[in-house]
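Asker: Take a look and give me a structure for this.
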Amino acid sequence: MALVAYSDSESDSDRATSRPPVKRLRHHPPVSNPDVSHQSLPPLPAAFHDLYATSMRTATHDDPTLHAGRKRAIPHMDGHWPSHLYLEWHPNSSESSTVETLLQRVQAATSNFYRTASTTLPKQHIHTLLLTPLSTRAPLHISLSRTLPLPTDKRQPFLDALTARIRASGARPFDAALSGLKWVPNYDRSRWFLVIGVRRSDGDALNKLLLSSNQTAKAFGYPELYSQAAKGNGHGDGVDMSGTWGSAADAVLAIDGKSQKTDLVAAKDDRSQAFHISLAWSLEAPPDELFDISAEQEVKQWLDQEVSQMAIHFDIVKAKVGNAIHSIGLSPKRHEEKGILG
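Answerer: Numbers count the residues shown, from 1 in each chain. Model prediction:
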C-alpha cells in the first residue's frame with residue numbers, strides 16, 4: 001500500500017478530518033497469578049516439554065568452543081544413539097526463585113573469597129544450569145543412568161526391557177525433598193558441578209528406579225550408574241555425598257513405639273547418598289575452602305529456611321534416546337477392591 005502524501009497547502013485541520021477514528025484500547029484486569037496468563041486456558045500437557053527438549057546441533061564434530069569449553073564425555077559413534085535415563089523437574093516460578101537465590105548466594109560467596117583471600121588459584125567461573133541460552137527456565141533432573149550409546153536395532157528392545165523392570169519394581173509416584181549442597185567433579189575431573197542432594201523418599205522409589213535402570217543397562221552390556229565395583233576402582237563413580245543425607249535412618253519409622261523400616265531395597269543396592277540435582281558447572285575446581293559450599297553462612301541459611309521446605313513430585317521416568325524423549329509413567333498404588341460381600 002502506498003503512503004498517502006499531503007500537499008503543503010493542506011491545513012492541520014484538514015489533515016485531522018481525513019484520518020480514521022482512533023480505536024479505544026481495551027483494558028484487561030491484571031492477572032493475579034503470574035504462572036497463569038488466562039484462567040480459561042488449560043495447562044500444557046507434560047509431553048509438550050519433550051517436543052523442544054533437544055538443542056539444535058551446531059557442528060558435526062566435538063568443538064568445545066561452541067559449548068563454553070566443555071568436551072564430549074563419550075565420543076560420537078556412527079549408528080549409535082546417545083541415551084540417558086532420568087527424572088525431570090520443571091520448577092515453577094516460586095521454585096525457580098528459590099534455587100536462583102541459592103545460586104546467587106553461592107556466586108556471592110565465591111566472589112567474596114577471591115576478593116578477600118590471598119590465592120594464586122585460577123578464578124572459578126560458575127555457569128548456571130537454571131536457564132537456557134535464551135534465558136528461559138531450564139528443566140533440571142535426577143540421573144538414573146550414564147550416557148548409553150544404543151545401536152539402532154537395540155533402541156526398542158532396551159525401552160521395552162526398561163519399562164517392564166520399572167513396572168515390576170513397585171516404584172510409585174513420590175515427593176522428593178532437597179538437602180545439602182557441594183561441588184563434585186565428573187568422571188575425568190574435567191568439569192565440576194554444583195549439586196544439591198535428594199533425600200531418600202517414601203517407598204525407596206529412587207533406589208528402585210535406579211536398580212531397574214542399572215539392571216537394564218547391565219543386560220545390554222553397559223556399565224551401571226553408581227556401581228560399587230566402580231567405586232572400588234577409586235575413580236569415583238558419580239557423586240558421593242556420604243555424611244550429608246540419604247542414610248538408611250531416613251527411612252526408619254516409629255510404629256507402636258518400635259522402629260520399623262519401610263519398603264527398602266537390599267543394602268547392596270542402596271545408593272541413597274548419590275542422588276542429586278545439578279544446578280551449575282565450572283571448568284575450574286573450587287578452592288578447598290569452598291568445596292563444602294553449604295557451610296557458608298548465607299548459603300546455609302537459605303538452604304535451611306527455604307530450599308529444605310520444597311517438595312518435588314515425580315511420577316514419570318524419562319528416557320532420551322538420540323533426539324527422542326520417551327516417558328514411562330509410575331503406576332500409583334492400587335487400592336484393594338472389595339466385592340459386594342465386603
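
Asker: Where does pLDDT dip in the stretch 1-150 of the chain?
Answerer: Applying pLDDT under 70 to the stretch 1-150 of the chain flags the ranges 1-77.

Asker: same thing but at 90, please
Answerer: The stretch 1-150 of the chain contains residues with pLDDT under 90 at 1-79, 117-122, 133.

Asker: Show the contacting residues for Ala219.
Answerer: By C-beta atoms under 8 Å, 6 or more residues apart in numbering, the residues touching Ala219 are Ala161. C-beta coordinates here come from the backbone N, C-alpha and C atoms, glycine included.

Asker: Name the helix or strand for His326, please.
Answerer: strand 324-329 (DSSP states H and E).

Asker: Which secondary structure elements does that strand sit against?
Answerer: Contact here means 3 or more C-beta pairs under 8 Å, 6 or more residues apart in numbering; DSSP states H and E; on that basis strand 324-329 packs against helix 155-169, strand 316-321.

Asker: Now do the buried residues in the following helix or strand past the longest one.
Answerer: Think helix 155-169. Sequence order places strand 174-185 as the next helix or strand after helix 155-169, per DSSP H and E. Applying a neighbour-count criterion of 16 or more other C-beta atoms under 10 Å, one finds 174, 176-184 buried in strand 174-185.

Asker: Just checking: what are the partner strands of strand 174-185?
Answerer: If you go by DSSP bridges, strand 174-185 pairs up with strand 192-198 (antiparallel), strand 311-314 (antiparallel).

Asker: Please identify the most buried of those strands.
Answerer: strand 192-198 (a mean of 22; mean count of other C-beta atoms under 10 Å).

Asker: residues touching Gln124, list them.
Answerer: 110, 114, 282, 284-287, 290.

Asker: In ChimeraX, how would I select just the buried ones from the residues you listed?
Answerer: Here is the ChimeraX selection string for the buried members of these, based on 16+ other C-beta under 10 Å:
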select :110,282,285,286,287,290
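
Asker: Assign a three-state SS to Ser294, would you?
Answerer: Following DSSP: H, G, I helix; E, B strand; the rest coil, we place Ser294 in the helix state.

Asker: Please name the spatially closest residue to it (chain neighbours excluded).
Answerer: Nearest non-adjacent residue to Ser294, counting by C-beta to C-beta, 6 or more residues apart in numbering: Leu181, 4.1 Å away.

Asker: beta partners for the spatially closest residue to Ala311 that is not a sequence neighbour?
Answerer: Nearest residue to Ala311, sequence neighbours excluded (C-beta to C-beta, 6+ apart): Asp175, at 4.4 Å. Under the criterion DSSP bridges, Asp175 forms beta bridges with His313.

Asker: I'd say Asp175 and Met310 touch.
Answerer: No - proximity of Asp175 to Met310 does not meet the contact threshold set by C-beta atoms under 8 Å, at 9.6 Å.

Asker: tell me, what's touching those two both at once?
Answerer: Joint contacts of Asp175 and Met310 (C-beta under 8 Å, 6+ apart) do not exist.

Asker: Contact partners for the closest residue to Ser143 other than its chain neighbours?
Answerer: Distance criterion C-beta to C-beta, 6+ apart; nearest residue to Ser143, sequence neighbours excluded, is Tyr86 at 5.2 Å. Counting by C-beta under 8 Å, 6+ apart, Tyr86 makes contact with 141-145, 317-318, 320.

Asker: Present those as CSV; the columns should include neighbour count and distance to Val198.
Answerer: Formatted as CSV, the contacts of Tyr86 follow (neighbours: other C-beta atoms under 10 Å; distance: C-beta to C-beta, whole Å):
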residue, neighbour count, distance to Val198
His141, 18, 11
Ile142, 19, 6
Ser143, 21, 11
Leu144, 26, 12
Ser145, 21, 16
Val317, 22, 15
Lys318, 19, 16
Lys320, 21, 19
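
Asker: What is the neighbour count of Thr120?
Answerer: 4 (other C-beta atoms under 10 Å).

Asker: in what helix or strand does it lie?
Answerer: Using DSSP H and E, no helix or strand contains Thr120.

Asker: Same check on Thr101?
Answerer: Assigned by DSSP H and E, Thr101 falls within helix 93-116.
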